[in-house]
Each structure stands twice: as structure tokens, then as C-alpha cells.
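[1] With the input below, show me the fold.
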Amino acid sequence: MSNLFNLLNSELSDTSGFPQIQCRLDSADVDTAAGAIAEAIASKRLGQMQRLHEVWRSRRLDPSGGSIEDGDLRILKAGLLQNVGTPENPAADSHLHGLVAESIWYEVVANLDAGLGLPIRVEGHDWSATDPGGDGLSVYADGAENYLFRLWESKYHGTDSPVKDTVNLACRQVGLQSLSYLARFSLVAQQIADNEALARFYGTLADLWVDCDPAAGVGISVGAGSDADVNDCFGNLTSYFDFDSAQHQAQLHLIGDFGKLARRVQAELWKGCGLWIGH
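    From the prediction side, this is the model:
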């Protein structure tokens, strides 16, 4: 179970006929959560480059260490700082906040059983919060060779309007782009060499969606400040799709000061690259 998930106060309900997860982060845990999110991003993006991953981690934990070799720094910046930027040229807030929102979604969906068991695979989040592909896919085992999936759209809510508006926007986006998203995710089948049944399942994602098959479903995830208007924010979710209610999922992550958390994640990523200029 991830360090970040353990910091979140998570509640699961199904009063609307589908699982809704609401997570809150205590203000006292923002710095610890930022470190956990930065570690999670680095693990996903550098996990196969073990030496560089360790270079980054060591520097994050000890920002006063020696200089990082130029070649290593170039790779770290290319691998880690998409949607993060540098101290001289920081990323737009919307991009940084989107990355953090998707990172929280990943940790929650991977660690919380919302009625389907824990997922056996989670695809995403994207390399970039601005990529045109789907933000995530969670796949669940339903027996020895039967599977289910949820196609996810993750959003950061950064306006004064109700969170419901951001949920509705996400629903419309999935409605328009779902088949394109699923076509991209179907390519994962080429990477699955040890489970022929699961590889075949990935090849049927778009078909299952079009048929509104019970194996298909949708999820919407939103990150927002704790003062956001969250009243009935997922109330329209089931009206956008021709699925049964139980084929929907929703996540709401309420962070006291989402911008502060995002900036702390940014600083932690900079620390590991030897770029941090704070104290």
C-alpha cells in the first residue's frame, strides 16, 4: 500500500448506486504527501533506470549533496520535469495541478477496493497531463480468465464554479474520445506475454465499450481544494453513459490548499534534480 494512500482519509459510499470515493488530506500532512507524490512520479518515470532513480532519490533526501553529472541531469530533466518545469521556467499551474491530480488518482485506484477487488493492472497516468490519450485504465479480475475495466478521466478543479461543472466536462470529454482512448490502451496487449487471456481482453476494450458490456465501465476523478462546492458533484454522471449505475466509479480528492501541495511536489522533484533553490 502506497505511502500517499495511507495519508489520505478515504471514505467509500454507494448511495447513488455506484462507488464514490472521497479522500481528504490533513493540512499537517501536506509536506509528507508531497514527498510521497514526488517519489511515486519518479518511480513511474525512472523505475527502469535504476541508477538514475537512485541518483534522484539520494539528492532529494540530501539537497546539499555534490553536483549531478551533466549527462545525468539532462536525462533527469527530460524524464521527470514534463508538466513540472524548472525554477527558471516553471510549468503552467494548470499542467502541474493536472499532474498532481492524476498522481493522486493513481495511488487511490491502485490501493482501494471499490467493490471490484483491487485492480490487477492500472494504466496511466499519462507521461504528460496534456497528452490527448485517456488518463487511466483500471483492470480487474472476475474469475480465472474473465476481466472488467474502468476507463478513467482525471481533472483538477481550479475554478469558483461547482465541482459538478468539472465532472460534467470530464464526462463530455470521455463521451467524445472514449474509443480513441481505448484504442490506445489496447496496444498494451503487445506488452503482455505471460497471460494470453488478459492480452486478448485488452484487444476487446473498444468492442466491450460500444456494446455497453457488463465488463466495461467508466470512472471520473477530480482533485479540488477543500473549500470547493462539492454538492451532488457526481449527480449527473450516470446520465452521460448507457451503462448500468454499477458500471460507474467516482473519486473526489479534497486538498486544503491544492496549489500548495502541487508546489511542494514541484520542489521535491527539483530537489532530486539538484535544481532546488529554496531553504
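
[2] switch to C-alpha atoms for all contacts and neighbour counts from now on
    Fine.

[3] Now do the strands in the stretch 101-250 of the chain.
    121-123, 136-141, 147-156, 218-225, 248-255 (DSSP state E, counting those that start in this stretch).

[4] As TSV, those strands with mean neighbour count would be great.
    Formatted as TSV, the strands of the stretch 101-250 of the chain follow (neighbours: other Cα atoms under 10 Å):
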stretch	mean neighbour count
strand 121-123	16
strand 136-141	21
strand 147-156	25
strand 218-225	25
strand 248-255	24
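
[5] Of all those strands, which one is nearest Leu187?
    Closest to Leu187 of these is strand 121-123 (Cα to Cα; 11.3 Å).

[6] As a quick check, tell me the outermost residue of this protein.
    Distance from the C-alpha centroid of the chain, by Cα atoms, centre = their mean, peaks at Gly66 (32.9 Å).

[7] Just want the most central residue of this protein.
    Taking Cα atoms, centre = their mean, the centroid of the chain lies closest to Glu102, which sits 2.7 Å from it.

[8] wait, doesn't it sit right on His157?
    No: at 12.0 Å, Glu102 does not count as touching His157 under the criterion of Cα atoms under 8 Å.

[9] and Gly98, how far is that from Gln249?
    Distance of Gly98 to Gln249, given as Cα to Cα, to the nearest Å: 19 Å.

[10] er, Leu179 I mean
    Taking Cα to Cα, one finds Leu179 at 19 Å from Gln249.

[11] How about Cys212?
    For Cys212, the distance to Gln249 (Cα to Cα) stands at 15 Å.

[12] CA-only coordinates of the lengthiest helix in the chain, as PDB, when you get a sec.
    Assignment by DSSP state H gives helix 163-186 as the longest helix of the chain. Extracted as PDB, the C-alpha positions of helix 163-186 are listed here (Å, rounded to 0.1, in the frame of the first residue of the first chain):
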ATOM      1  CA  VAL A 163     -17.200  20.800  -8.900                       C
ATOM      2  CA  LYS A 164     -20.200  19.400 -10.800                       C
ATOM      3  CA  ASP A 165     -19.200  21.600 -13.700                       C
ATOM      4  CA  THR A 166     -15.800  19.900 -13.900                       C
ATOM      5  CA  VAL A 167     -17.300  16.500 -13.600                       C
ATOM      6  CA  ASN A 168     -19.700  17.200 -16.500                       C
ATOM      7  CA  LEU A 169     -16.800  18.500 -18.600                       C
ATOM      8  CA  ALA A 170     -14.900  15.200 -17.900                       C
ATOM      9  CA  CYS A 171     -18.000  13.200 -18.800                       C
ATOM     10  CA  ARG A 172     -18.400  15.000 -22.100                       C
ATOM     11  CA  GLN A 173     -14.700  14.500 -22.900                       C
ATOM     12  CA  VAL A 174     -14.900  10.800 -22.300                       C
ATOM     13  CA  GLY A 175     -18.100  10.600 -24.300                       C
ATOM     14  CA  LEU A 176     -16.300  12.200 -27.300                       C
ATOM     15  CA  GLN A 177     -12.900  10.500 -27.000                       C
ATOM     16  CA  SER A 178     -13.600   7.100 -25.400                       C
ATOM     17  CA  LEU A 179     -13.000   4.900 -28.500                       C
ATOM     18  CA  SER A 180      -9.700   6.800 -29.200                       C
ATOM     19  CA  TYR A 181      -8.600   6.300 -25.600                       C
ATOM     20  CA  LEU A 182      -9.400   2.600 -25.600                       C
ATOM     21  CA  ALA A 183      -7.700   2.000 -29.000                       C
ATOM     22  CA  ARG A 184      -4.500   3.400 -27.400                       C
ATOM     23  CA  PHE A 185      -4.900   1.300 -24.300                       C
ATOM     24  CA  SER A 186      -5.500  -1.800 -26.500                       C
END
